[in-house]
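Visitor: No sequence on hand, only this structure:
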């Protein structure tokens, strides 16, 4: 909480890990330059950074935790170098409009965009990874702003998980024009 007035950060090239809660509560943080040496970003690193709209994740990044909860992030491009993607919930990112998921991701959980009590209310576009195999029940439920899902040509099939009653409802409540 001692960084409330911090607006810009440039980290040294010797840094390889951003530890949990590193910038948590830096409500004025608008811009951060991550060095190419960053390999791991842990949980809640940018928690509550409500003025941080974009973070350029370096291609050296291998492990990404649930780092953006309650942040002002608008666009999130997760590089394909990320093989350990532990983002559980982006739902508290109310300004998030666009997400490009890494090709290492195989499952879209129902908590990724719908965790907690509210969905990603501003999400308009998502690029699905070519390695995707499963979309869980209600993964995009109530994201009425969602108007575009980009499906790569390489994606041949996806399993839609059902709930205990046999319903999928993965896209229920979205604005997508779906064929029935």
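Guide: All right, it came through fine. It should be emphasised that the depicted structure is a prediction, and the values quoted were computed from it without experimental measurement.
Visitor: can we go C-alpha only for contacts and neighbour counts from here?
Guide: Fine.
Visitor: Name all residues that make contact with the residue nearest to the spatial centre of the chain.
Guide: Nearest to the geometric centre of the chain sits residue 90, at 5.2 Å (Cα atoms, centre = their mean). Residue 90 makes contact with 68, 69, 112, 113, 114, 115, 120, according to Cα atoms under 8 Å, 6 or more residues apart in numbering.
Visitor: quick one: secondary structure of it?
Guide: coil (DSSP: H, G, I helix; E, B strand; the rest coil).
Visitor: Quick check: pLDDT value at it.
Guide: pLDDT, residue 90: 80.
Visitor: Then residue 177?
Guide: 54.
Visitor: do you know how far the residue nearest to the centre of the chain is from residue 3?
Guide: Distance from residue 90 to residue 3, counting by Cα to Cα, to the nearest Å: 23 Å.
Visitor: that older thread, roughly how far does the residue nearest to the centre of the chain sit from residue 72?
Guide: 11 Å.
Visitor: one step back: any of the contacts of residue 90 buried? List them.
Guide: Among the contacts of residue 90, the ones that count as buried by 16 or more other Cα atoms under 10 Å are 68, 69, 112, 113, 114, 115, 120.
Visitor: pretty sure residue 106 is touching residue 132, no?
Guide: Yes. If you go by Cα atoms under 8 Å, residue 106 and residue 132 touch, sitting 4.0 Å apart.
Visitor: okay, these two: which has more neighbours?
Guide: Legend: neighbour count by other Cα atoms under 10 Å for residue 106 and residue 132, higher for residue 132 (23 against 17).
Visitor: Distance of the more buried one relative to residue 152?
Guide: Taking Cα to Cα as the measure, residue 132 falls 10 Å from residue 152.
Visitor: Please apply the same query to residue 145.
Guide: Applying Cα to Cα, the value for residue 145 to residue 152 is 21 Å.
Visitor: quick one: which of the two has more around it?
Guide: Applying other Cα under 10 Å to residue 145 and residue 152 shows that residue 145 carries more neighbours, namely 17 against 13.
Visitor: Tell me the pLDDT of that one.
Guide: On the pLDDT scale, residue 145 gets 83.
Visitor: thinking again about what came up before, narrow the buried ones among the contacts of residue 90 to those in helices?
Guide: Among these, none falls in helices (DSSP state H).
Visitor: Let me know the closest of the residues you listed to residue 160.
Guide: residue 112 (15.1 Å; Cα to Cα).
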